[in-house]
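>>> just to be clear, the model below is a prediction. Sequence and coordinates:
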There are 2 protein chains.
Amino acid sequence: MARTSGSHSEITGPRILEAALKLFAESGYAAVSMRKIASEVGVQVGALYNYTPDKQSLLFGLMRDHMEKLVAAWDQETRPDTPMARLEHFARFHVGYHHVRRDAVFIAYMELRNLTPENFAVIEGLRSTYEGKLEDILEEGARNGSFSVPDAKIASMALIAMLTGVNTWFRETGRLPLEEVQDIYWEMTRKAVTA
Amino acid sequence: MARTSGSHSEITGPRILEAALKLFAESGYAAVSMRKIASEVGVQVGALYNYTPDKQSLLFGLMRDHMEKLVAAWDQETRPDTPMARLEHFARFHVGYHHVRRDAVFIAYMELRNLTPENFAVIEGLRSTYEGKLEDILEEGARNGSFSVPDAKIASMALIAMLTGVNTWFRETGRLPLEEVQDIYWEMTRKAVTA
DNA sequence: GTTTTTTCGGAACAATTGTTCAATAACCGC
DNA sequence: GCGGTTATTGAACAATTGTTCCGAAAAAAC
């Protein structure tokens, strides 16, 4: 056989990315073979190489895409007037955005080791950019007296770790709806940075 | 050749565990071959199987050992009188203990996916046990009015995520000594759970 | 309807994987 | 220094890995 009936790059391409995202998140980059990805898509291994030069690019593409969209999404959010309101917006945005993109978030945090040094630097830069958004909010709030943070950089890392942690346990079928979880985490966030 | 001069199971055994710990932490379980571990120890692959039945047991043994020691170490700590003092002790202990065992902590959090279901259940149980220690403190403090936490379970997960996050960025050569970092994180922890 | 382009199957490649095992040399109690 | 025990080598195994490539079939262009 050769080209299959109904095959289209606009269909197969995204399906490969979806499959890779899902499988990398489930089992980890190194544990997922190109054949497993192909099988998930319903295609032979060779076909994957019409869409990616190699496995590493597949991973890097997914991670870069996620991080760029994350930064862009935050930049497009409304910007409330006060640091306090901006921090609340950030906390809720972070939890919500990360929740609906569990797999991509998981990969972006877990597969850094499997990136080549150059690719790692790119992702790390994007992560640093995003983290800087929170750091800026904390610094503004510290300056105008809204917050009490001795070190905005450390505080931003601490808060992001806490907020991102929601993904490790929250399930939509669980005890609480996401909105209540966001309320709780925002409350802890607010108290942690105020006097 | 056969047995090498100076070889001893009391020496090789621990060295294999050290090498596996280091390499798993560096590159991830799936990306580390048994040959790489052997090479790090300075031995041939076959020799590893005098010390572990298979690769999975090597990983599981490292993770279980770490988690059991973590729980035991906390149980042996002094138990201050008030929930507030106990929480402070926990925050500082957690950051300190995790810092000096970076590799084991990293593996215990990153390689859960590579455990068989039975092994996963064991590790998950130990993690839950440890987390329960913090949850208990928060609940006691909530009952006697020291803390203001609407949900001790969620709060404990949030705090552990925040505290564990220190490991992702703290380096001893960095700007601050660990003691100051512990001060900052304890301050955020305290404020996050008080009214 | 013919030609060009797009997309994929299927086989092949060398390299690497986890694991087993017989042979053998070093160690150690006597 | 002899004999049993312990620890390791080195080769071998089948299975799987990422990647390449050619031919062929479907789709698109004309």
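In hand now; what should we look at? Numbers count the residues shown, from 1 in each chain, chains lettered A, B, ... in the order given.
>>> what is the burial count for the residue of chain A found nearest DNA strand C?
Proximity to DNA strand C, evaluated over chain A using Cβ to the nearest atom of the strand, is greatest for A:Gly46 at 2.2 Å. Just so you know, the C-beta spots here come from the backbone N, C-alpha and C atoms, and that holds for glycine as well. As a burial measure, A:Gly46 scores 9 neighbours (other Cβ atoms under 10 Å in any protein chain shown).
>>> now swap in the one 3 residues further on and tell me
By other Cβ under 10 Å, 12 other residues sit near A:Tyr49.
>>> for A:Val71, same thing?
A:Val71 has 16 nearby residues by other Cβ under 10 Å.
>>> that one and A:Arg101, how far apart?
From A:Val71 over to A:Arg101 the distance is 13 Å, taken as Cβ to Cβ, to the nearest Å.
>>> so which bits of chain A are right by chain B?
A:26-31, A:110, A:113-114, A:150-151, A:154-155, A:157-162, A:164-166, A:168-169, A:176, A:181, A:184-185, A:187-189, A:191-194 (Cβ under 8 Å from any Cβ of the partner chain).
>>> buried ones among the residues you listed?
When the residues of chain A next to chain B are checked for burial by 16 or more other Cβ atoms under 10 Å in any protein chain shown, the buried set is A:28-31, A:110, A:113-114, A:151, A:154-155, A:157-162, A:164-166, A:181, A:184-185, A:187-189, A:191-193.
>>> from the residues you listed, which land in helices?
A:110, A:154-155, A:157-162, A:164, A:166, A:181, A:184-185, A:187-189, A:191-193 (DSSP state H).
>>> now the residue of chain A closest to DNA strand C: which helix or strand?
If you go by DSSP states H and E, A:Gly46 is part of helix A:45-48.
>>> got the contact list for that helix?
A:Thr12, A:Ile16, A:Met34, A:Arg35, A:Ile37, A:Ala38, A:Val41, A:Leu58 (Cβ atoms under 8 Å, 6 or more residues apart in numbering or on different chains).
>>> is DNA strand C within reach of whichever strand or helix holds A:Ser57?
Counting by DSSP H and E, the element that carries A:Ser57 is helix A:55-76. No - taking Cβ under 7 Å from any atom of the strand as the criterion, helix A:55-76 and DNA strand C are apart, separated by no less than 13.7 Å.
>>> list the buried residues of that helix.
Quick answer for helix A:55-76 (16+ other Cβ under 10 Å): A:Lys55, A:Leu58, A:Leu59, A:Phe60, A:Leu62, A:Met63, A:Arg64, A:His66, A:Met67, A:Leu70, A:Val71, A:Trp74.
>>> just the buried members of the contacts of helix A:45-48?
Buried members of the contacts of helix A:45-48, counted by 16+ other Cβ under 10 Å: A:Thr12, A:Ile16, A:Met34, A:Ile37, A:Ala38, A:Val41, A:Leu58.
>>> what would those residues look like in a markdown table with pLDDT and secondary structure?
Output for those, formatted as a markdown table (pLDDT from 0 to 100; DSSP: H, G, I helix; E, B strand; the rest coil):
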| residue | pLDDT | secondary structure |
| --- | --- | --- |
| A:Thr12 | 95 | helix |
| A:Ile16 | 97 | helix |
| A:Met34 | 97 | helix |
| A:Ile37 | 97 | helix |
| A:Ala38 | 97 | helix |
| A:Val41 | 95 | helix |
| A:Leu58 | 97 | helix |
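>>> for DNA strand D, tell me which of these show up nearby.
Counting by Cβ under 7 Å from any atom of the strand, A:Met34 from those sit close to DNA strand D.
>>> could you check how far A:Pro14 is from B:Gly46?
Distance, A:Pro14 to B:Gly46, using Cβ to Cβ: 46 Å.
>>> correction: A:Asn119
Distance, A:Asn119 to B:Gly46, by Cβ to Cβ: 36 Å.
>>> same check on A:Leu138?
Applying Cβ to Cβ, the value for A:Leu138 to B:Gly46 is 55 Å.
>>> tally of neighbours for the residue lying closest to A:Val166 once chain neighbours are set aside?
Using Cβ to Cβ, 6 or more residues apart in numbering or on different chains and skipping residues adjacent in sequence, the residue nearest A:Val166 is A:Val95, 5.3 Å away. Using other Cβ under 10 Å, the number of residues around A:Val95 comes to 24.
>>> how about the residues of chain A near DNA strand D?
Counting by Cβ under 7 Å from any atom of the strand, chain A sits next to DNA strand D at A:1-8, A:32-36, A:45-46, A:48-49, A:53-56.
>>> quick one: buried ones out of those residues?
Among these, those buried by neighbour count (16+ other Cβ under 10 Å) are A:Val32, A:Met34, A:Lys36, A:Leu48, A:Lys55.
>>> domain ranges for chain A, per the record?
In terms of domains, chain A is parsed into A:1-52, A:55-193 (source: automatic domain parsing).
>>> would TSV of the ones you listed with distance to B:Arg127 be doable?
Below are those laid out as TSV (distance: least, Cβ to Cβ, whole Å):
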stretch	distance to B:Arg127
domain A:1-52	19
domain A:55-193	11
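>>> worst mean pLDDT among those?
Set side by side, the domains of chain A differ in mean pLDDT, and domain A:1-52 is lowest with a mean of 94.
>>> quick one: distance of that one to the chain centre.
Computed by Cα atoms, centre = their mean, to the nearest Å, the chain-centroid distance of domain A:1-52 equals 22 Å.
>>> so who does the spatially most central residue of chain A touch?
Nearest to the geometric centre of chain A sits A:Val105, at 3.3 Å (Cα atoms, centre = their mean). Residues near A:Val105 by Cβ under 8 Å, 6+ apart: A:His66, A:His98, A:Thr164, A:Asn167.
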